[in-house]
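In: kindly return the folded structure for what I paste below:
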Amino acid sequence: MTDAAAAGPALMVDHLSVDFGSHCALDDVSVRFPRNELHALLGPNGSGKSTMIKVLSGVVRPRASAEITLGEQVLRGGLTPAAARRLGLRFVHQDLGLLPELSVLENLYLGNPYPSVAGQVRWGRARREAAAALEAAGARARPMATLGSLRHVDRVLVAVARCLMRLPDSGGYLFLDEPTAALEEAPAGRLLSALRGLLTARDVSVVFVSHRLREIAQYADGVTVLRDGVVTYRATRDAPDLESMILRSLGADAGQGSDPGPASRAAGRGEPATSAVVLDRVRAGVVRDVSLAVQPGEIVGVGGLEGSGKEELFELLAGRVRPASGTITLLGSQRPVSSESAALKRGVGIVPGNRLREGGIADFTVAENLFLPHFSAFRGRLHFRRGLLKTRAAAALTRYGVQPAEPTRLFGTLSGGNQQKTIVARWLAVPPKVLVLQEPTAGVDVASRERIYTELRAARAAGMPIVVISSDAAELLDVCDRVLVMADGRIAAELTGPDLTPASLARAQFEQAGDRKTEERSS
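Out: Purely as a prediction, here's the structure:
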């Protein structure tokens, strides 16, 4: 870690308190972000992480007691967006704020003025500036490429590159809200390595929000933990027993969960039952000749590297895409599922990976989002039974740990992790016949992740067939009875019982993908 004194003044936040109505999101928080450090900020969903970032970006106003100090500059009572920008504070939020239909160059200049002379844009200079920013950020992208053609990790790095443009000469601070949540281990490592390169190359200090303890221990120089609006733990990377201390400060411990493990689960399941979900030689887009079966009372995981076809498999199971050939049998019926709404009517519960755009409605209340597919249960003879909706929603929010547990709050005002818990709770509170989940715990804190796994295990014990499609290896290992590994649109391996280990899963993902590419080159 770079010596903080030699690197310049740290960014200090003191006596930071934020209220949202009667809810205190941050309570007299003081925190220090050293210069030239990759600093991790973590905490349970609703702990105040995103609120702190919004205060520093000037979007949320704290109480008047707040002081924000950077060098000689002391600002009391919060910042404005213009003041944050003058200080060199830059932000990459979860939704990135990029437009996929525009070019990379056009996205880089969103919020940044084009170089111009006499009102005419100097396109040559703009392309050179864009290329320099992309190179500094470690993005594998050309300025004139369409953003939507890039992999997700490079879209994040384009957002980083945009932050690097028009920085003050003195450098700055870059804040990223869960930049690795949608990334597998390899691209997440590439992103964090690129961020570390900014510390010396551009004098940019980095603060990133994460729930992944392994990447924090591997990449972060320092860590600050928030819980219930207060700081519960601070440490440097070399602190003894770092992961255990973080877990304790989060209110969780490494021994959580009572699941017997995949080997015991497989041994205790008995004779195979009639399969509830069957795919027979299904082809659609990149998916090629996929056959699989899911039994009642079984959790089947689907893993694979980016581009392996697992995302397209979710689209098929959710009814968003129809097979070009082959059949999908749901609960004994081969009748084609023509749309997502048709899948819902057939009893398929769907938890999409993009919780806000595909899973919830920002301007509806939390209660309305929670019971969105089940409104008929609240229709009375003369009117809609809103009191019953609110009562049942309050109980579900408490059970699934959604914070704050306020049924009438707008869904869009929740933190990302609490939005995710609400969407998962939607299908566990009123169980479907089949449940298909994509990245079910992306952005969800450690304790809440285990709560979701406990509920999934309970649904399995009640006989529900469940498919979990995930890029999180630990998730697949923790909750699934079997894991199917996809590569190049096919199921390349099946892991179960004693073979379901971190080493075997990693080997299957990387070796199978490599074998497929070698076969294609040789043919």
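In: tell me the domain ranges of this protein?
Out: 8-250, 256-347+434-523, 357-431 (automatic domain parsing).
In: ranking the ones you listed by mean pLDDT, which is last?
Out: In terms of mean pLDDT, the lowest-scoring of these is domain 256-347+434-523 (a mean of 80).
In: still on that earlier bit, want to throw the domains of the chain into JSON lines with mean neighbour count?
Out: C-beta coordinates here come from the backbone N, C-alpha and C atoms, glycine included. Formatted as JSON lines, those follow (neighbours: other CB atoms under 10 Å):
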{"stretch": "domain 8-250", "mean neighbour count": "19"}
{"stretch": "domain 256-347+434-523", "mean neighbour count": "18"}
{"stretch": "domain 357-431", "mean neighbour count": "18"}
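In: touching, R155 and L98? I think so.
Out: Yes: counting by CB atoms under 8 Å, L98 is a contact partner of R155 at 6.2 Å.
In: so for the two, which residues contact both of them?
Out: L147 (CB atoms under 8 Å, 6 or more residues apart in numbering).
In: contacts only, for L456.
Out: I299, L428, L435, P440, I466, V468, V479.
In: and it, how far is that from P502?
Out: 20 Å (CB to CB, to the nearest Å).
In: quick one: Q295 and S275 touch, right?
Out: Yes: taking CB under 8 Å as the definition, Q295 is a contact partner of S275 at 5.5 Å.
In: where along the stretch 301-450 of the chain do the strands fall?
Out: 325-330, 348-351, 434-438 (DSSP state E, counting those that start in this stretch).
In: so for D19, which of those strands sits nearest?
Out: Checking those against D19 by CB to CB gives strand 348-351 as the closest, at 32.1 Å.
In: please name the strands paired to the closest one in the sheet, noting orientation.
Out: strand 434-438 (parallel) (DSSP bridges).
In: got the angle for the partner strand vs strand 325-330?
Out: Taking axes from the mean of the first three to the mean of the last three CA atoms, to 10 degrees, strand 434-438 and strand 325-330 form an angle of 120 degrees between their directions.
In: now A194. Nearest residue, chain neighbours left out?
Out: Among residues not flanking A194 along the chain, G138 sits closest, at 3.2 Å (CB to CB, 6 or more residues apart in numbering).
In: contacts only, for the one you found.
Out: L157, R190, S193, A194, G197.
In: which one of the contacts of L456 sits closest to E178?
Out: P440 (15.3 Å).
In: list the contacts for that closest one?
Out: Going by CB under 8 Å, 6+ apart, P440 touches V351, Q420, V424, I452, L456, V468, S470, E475.
In: same deal with T274?
Out: Contacts of T274 (CB under 8 Å, 6+ apart): Q295, P296, G332.
In: want to try JSON lines for the residues you listed, with distance to Q73 as columns?
Out: Output for the contacts of T274, formatted as JSON lines (distance: CB to CB, whole Å):
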{"residue": "Q295", "distance to Q73": "63"}
{"residue": "P296", "distance to Q73": "63"}
{"residue": "G332", "distance to Q73": "68"}
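In: closest one to V55 out of the residues you listed, please.
Out: P296 (48.7 Å).
In: circling back: which of the contacts of P440 fall within helices?
Out: If you go by DSSP state H, those have Q420, V424, I452, L456, E475 in helices.
In: for those, work out which two are farthest apart.
Out: Taking CB to CB as the measure, these reach their widest spread between Q420 and L456, a distance of 13.6 Å.
In: quick one: the helices in the stretch 1-150 of the chain?
Out: Using DSSP state H, counting those that start in this stretch, the helices of the stretch 1-150 of the chain run over 4-7, 49-56, 81-86, 104-108, 123-137.
In: do the same with the stretch 401-523 of the chain
Out: 416-429, 446-461, 473-479, 502-522.
In: please apply the same query to the stretch 201-350 of the chain.
Out: Going by DSSP H, counting those that start in this stretch, the stretch 201-350 of the chain shows helices at 213-219, 242-250, 262-267, 310-317, 340-345.
In: report all helices and strands that the first one contacts.
Out: For helix 213-219, the packing partners by 3 or more CB pairs under 8 Å, 6 or more residues apart in numbering; DSSP states H and E come out as strand 38-42, helix 185-201, helix 242-250.
In: right, so of the ones you listed, which gets closest to L110?
Out: Using CB to CB, the helices and strands packed on helix 213-219 put helix 185-201 closest to L110, at 20.2 Å.
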